[in-house]
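K.L.:
Kindly generate the corresponding structure for this input.
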Amino acid sequence: MWRNKLMVGGTEMKTMKVKRSRGERIFTVFNYIFLSLIMLLCLYPVWYVVVASFSDSNMLTQHTGLLLKPAGWSVEAYSKVFKNPMIIRGYLNTMFVLLVGVALDIIMTSLGAYFLSRRRVMFKKPIMMIIMFTMFFSGGMIPFYLNLKDLQLRDSLWGLILPFMISTYNLVILKTSFESIPESLIEAAQIDGAGHITILTQIVLPLSKAILAVMVLYYGVSIWNSWFWASAIIRTRELYPLQVILREILMQNDVTSMTTGVGTMDQESVAMTIKYATIIVATVPILCVYPFLQKHFTKGTIAGAVKE
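P.N.:
A predicted model of the protein is given here:
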């Protein structure tokens, strides 16, 4: 039995009872059970990594079955991770690419989206078609690498920022959001003598805070998780971002620098907890950003997808 309440002028009106059939109730219960099981299956691997990172390495190796709590509390793995200078250096490199990259990405995407959202733009459709073409087709990895080499962007953190300043997908979303802003506001500002930069910075962007929060999240997560081009163009280890270091630890089992002073018999078990701790250290920061942007996320996505 469901009750639907109607509020009119702050006053609660009569409630309407909706009787659900037996089949509907069974279907709802089944959905709750099924989705709960899916949620547990998705969350358990994450929980396993968290509790394993706080476990004693020897006890973790001997443990069998489900791991629901740390197998002997220990923060030794985190201590060794933070004592590794490459982890700290990787953090600094990643934060530089993240902060500078997101700032430039938002600026360039906003400029492009504002230009394409204006009604009276010459060759607007052909330009948009060319931009959309790049979403599905590219010149290939080797020509892209050669361009980076010719532009002296190889083995430089700027090579991870400048070539990726605009995402076509994000540009289309932001353009659609800008088009939903009433044209009367733009015309009123132009009558008052406002130029395009003034209109963009003082009218369009303030009205698009929700979609801009989504753009920050999209670009931020993409930069934080990217490792392929960093591993392809960065040759100096001091310039490695965090994800490349994490890849070395997980894929190449390179934890030698963090297991010094550990007995040969214990190195394998200690290396396991170090891997889990490194995953947590590399993942938690970007997860902490989402709660601050979550309230804007749904609103911004809808605003960028629907045009009035």
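K.L.:
where do the helices sit along the chain?
P.N.:
Remark: helices assigned in the chain by DSSP state H are 22-53, 57-62, 76-83, 85-117, 124-136, 141-150, 168-179, 183-191, 196-199, 209-225, 228-233, 242-251, 267-305.
K.L.:
Leaving out the residues flanking it, which one is nearest to the most centrally placed residue in the chain?
P.N.:
In the chain, the C-alpha nearest the mean C-alpha coordinate belongs to Val221, at 2.1 Å (Cα atoms, centre = their mean). Using Cβ to Cβ, 6 or more residues apart in numbering and skipping the chain neighbours, the partner closest in space to Val221 is Ile286 (6.1 Å). All C-beta spots, glycine's among them, are computed from the backbone N, C-alpha and C.
K.L.:
Check what pLDDT the one you found gets.
P.N.:
pLDDT for Ile286: 78.
K.L.:
begin at 488 from here
P.N.:
Shifting the count to begin at 488 puts that one at Ile773.
K.L.:
hang on, the earlier thing: go through the helices of the chain and find the least confident stretch.
P.N.:
helix 754-792 (a mean of 72).
K.L.:
Look at Ile618 and say how many residues are nearby.
P.N.:
Applying other Cβ atoms under 10 Å, we find 16 other residues in the vicinity of Ile618.
K.L.:
residue contacts, it?
P.N.:
Ile618 sits next to Leu603, Thr655, Leu658 when contact means Cβ atoms under 8 Å, 6 or more residues apart in numbering.
K.L.:
The closest residue to Met619 other than its chain neighbours: how many residues sit nearby?
P.N.:
Of all residues not flanking Met619 in the chain, Thr655 sits nearest, at 6.9 Å (Cβ to Cβ, 6+ apart). If you count neighbours by other Cβ under 10 Å, Thr655 ends up with 15.
K.L.:
Between the two ends of stretch 562-579, how far is it?
P.N.:
23 Å (Cα to Cα, to the nearest Å).
K.L.:
Residues contacting that stretch, please?
P.N.:
Here stretch 562-579 has contacts from 540-541, 543-544, 724-725, 727-733, 744-746, 757, 760-761, 763-765, 768, using Cβ under 8 Å, 6+ apart.
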